[in-house]
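*Asks:* could you work out the structure for the sequence below:
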Amino acid sequence: MKLFRGLATEVDPHWADHLLDSGVIPSFRGGYLGISALRNSDVLTAVSIVSGDVSRFPLVITDSSTDEVIDLANIEYLMNTKVNKRLSAYQWKFSMMVNAILTGNAYSRIVRDPITNEPAMFEFYAPSQTQVDTSDPDNIIYRFTPYNSSMQKICGFEDVIHWKFFSYDTIMGRSPLLSLGDEIGLQESGVSTLQKFFKSGLKGSILKAKASSLSAEARRKIREDFERAQAGADAGSPIIVDATMDYQPLEVDTNVLNLINSNNYSTAQIAKALRVPAYRLAQNSPNQSVKQLADDYIRNDLPFYFEPITSEFELKLLDDAQRHQYCIGFDTKSVNGLPIADVNTAVNGGLWTGNEGRAELGKKPLKDPNMDRIQSTLNTVFLDQKEAYQAEHAAELKGGDTNAKGNQNGSGTNANS
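*Replies:* So this is what the prediction gives:
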């Protein structure tokens, strides 16, 4: 029976460096990466917000030339409903997002139908279960090791969903948390200072032994006895000394504690690096409404995560002919769709059909055939028809208006005269 199994191969002898750099394996390098970064509440909140927002929006397949929604039921089912017998699509996307943010990379193996070669399900693997052979950049090899197994599954790049949001070599991703080591360290130092204050009151003091010369060991013993007497439940209790001792407390400037408590710099930097609106981390926001901030977040921040995901899906789930014709995108219209008044104006103006207007609002199309027709009003005509109409009626009205019977006003005979 094997007690140990090796993940390294002769091809990539430095496999552990990737795990150390990405924070999957803890190291002494001082980084705040991997699952350990979730100990910081701001990082946990930001990662939860981004992962939840990306996971809750459905993905749709549309025709690149007509914007018509295309029904590729099998692929859409994998992306939006269920990826395998154990995982829903939401759980899978959430876990992929968390790993891609914390470690820079997220992996899933595509299991294909042996007959049609179409995607049948996704197998999720943590970064610690994945080894990437980059010796040949044009033919990257992924080796997955399931839990409680010594058998590796070897896949080519075309059979692996690999999410990476920031990459400088197009092969491996890098976590945004790499740039937040100093900020998170500063925040932890401030929290540690506050903990010490509330635990012991930061009672800096000087205890003098009058008319005596103490050795280093004696001073250490007195200090330990004094600290023991003031520790725990006895903190803040009366201090009793005899005539041979002189106790002098040191004043603590509470403004320092106020500065630590009100320091929002680290939180703001975490929000900026992870592209999360500051107000969602309990920070002050510009003079904008929540809706304006949310719309700006969806339009300008989330595409940083959307585009790598959709491009990866197009590359791995569609064949070459489909990639030339179709595109995959996130449908966010249910949250930031156009105002109803703007949609109504576009439909009445003949720019959209009724069903196209409903699509802009995030609503499903109606089966009424009239909803697929361009609407118009009697008050609007084409410019050439307007000119022809005016020319025709200008000739008819010369010499007086013509009534319905063909008689000119003013030239008829008055019957009562």
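
*Asks:* what about F313, which SS state?
*Replies:* Under DSSP: H, G, I helix; E, B strand; the rest coil, the three-state class of F313 is helix.

*Asks:* who does the closest residue to it other than its chain neighbours bridge with?
*Replies:* The shortest distance from F313 to any non-neighbouring residue, by Cβ to Cβ, 6 or more residues apart in numbering, is to I328 (4.9 Å). From N, CA and C alone the C-beta is placed, and that goes for glycine too. Bridge pairing for I328 (DSSP bridges) gives the partners I61.

*Asks:* from now on call the first residue 440
*Replies:* From this message on, residue numbering opens at 440, which makes the last subject I767.

*Asks:* contacting residues around I767?
*Replies:* L498, V499, I500, M518, T749, F752, E753, L756, L757 (Cβ atoms under 8 Å, 6 or more residues apart in numbering).

*Asks:* could you verify that the fifth one is part of a helix?
*Replies:* Read it as T749. Yes. Counting by three-state DSSP, T749 falls inside a helix.

*Asks:* now for F745, how many residues are close by?
*Replies:* 17 (other Cβ atoms under 10 Å).

*Asks:* so it is in which element?
*Replies:* Element membership for F745 (DSSP states H and E) is helix 742-756.

*Asks:* for the chain, give me the ranges with low pLDDT.
*Replies:* 440-471, 636-651, 668-702, 724-725, 817, 819-822, 834-856 (pLDDT under 70).

*Asks:* outline the domain layout of the protein.
*Replies:* Structurally, the chain divides into domains by automatic domain parsing as follows: 642-690, 776-838.

*Asks:* what is the nearest of the contacts of I767 to G796?
*Replies:* V499 (16.9 Å; Cβ to Cβ).

*Asks:* report the contact partners of the most centrally placed residue in the chain.
*Replies:* The residue lying closest to the centre of the chain (Cα atoms, centre = their mean) is V489, at 2.9 Å. Listed by Cβ under 8 Å, 6+ apart, the contact partners of V489 are M536, I540, L713, R714, V715, L741, Y744.

*Asks:* now, which of these sits nearest R551?
*Replies:* M536 (23.9 Å).

*Asks:* list the contacts for the closest one?
*Replies:* Taking Cβ under 8 Å, 6+ apart, one finds V486, V489, S490, V493, S494, A545, W602, Y744 in contact with M536.

*Asks:* go with 7 Å
*Replies:* V489, S490, V493, S494 (Cβ atoms under 7 Å, 6 or more residues apart in numbering).

*Asks:* just how off-centre is stretch 481-489 within its chain?
*Replies:* The chain centroid and the centroid of stretch 481-489 are separated by 9 Å, computed with Cα atoms, centre = their mean, to the nearest Å.

*Asks:* quick check: end-to-end length of stretch 590-604?
*Replies:* 30 Å (Cα to Cα, to the nearest Å).

*Asks:* buried sites along it?
*Replies:* Q591, K592, C594, D598, V599, I600, H601, W602, K603, F604 (16 or more other Cβ atoms under 10 Å).

*Asks:* what do you get for stretch 809-820?
*Replies:* M810.

*Asks:* where do the strands sit along the stretch 440-589 of the chain?
*Replies:* Remark: strands assigned in the stretch 440-589 of the chain by DSSP state E, counting those that start in this stretch are 498-502, 545-551, 558-564, 569-572, 580-583.

*Asks:* looking at those strands, which is closest to S705?
*Replies:* Comparing these by their distance to S705 (Cβ to Cβ), the top pick is strand 545-551, with 25.7 Å.

*Asks:* what lines up beside that closest one in the sheet?
*Replies:* Here, using DSSP bridges, strand 545-551 pairs with strand 558-564 (antiparallel), strand 599-602 (antiparallel).

*Asks:* got the contact list for that strand?
*Replies:* 535, 538-539, 557-564, 566, 569, 581, 583, 592, 594, 598-602, 755.

*Asks:* try it again at 6 Å.
*Replies:* Contacting residues not belonging to strand 545-551 are listed as 535, 538-539, 558-564, 569, 583, 594, 598-602 [Cβ atoms under 6 Å, 6 or more residues apart in numbering].

*Asks:* can I get the strands paired with strand 545-551 in CSV including distance to D621?
*Replies:* Listed next are the strands paired with strand 545-551 as CSV, based on distance: least, Cβ to Cβ, whole Å:
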stretch, distance to D621
strand 558-564, 32
strand 599-602, 27
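
*Asks:* of the ones you listed, which is nearest L472?
*Replies:* strand 599-602 (16.3 Å).

*Asks:* quick one: which of the strands of the stretch 440-589 of the chain is nearest K825?
*Replies:* strand 498-502 (34.8 Å).

*Asks:* can you state the direction angle for that closest one and helix 742-756?
*Replies:* With axes from the mean of the first three to the mean of the last three Cα atoms, to 10 degrees as the basis, strand 498-502 and helix 742-756 are set at 70 degrees to each other.
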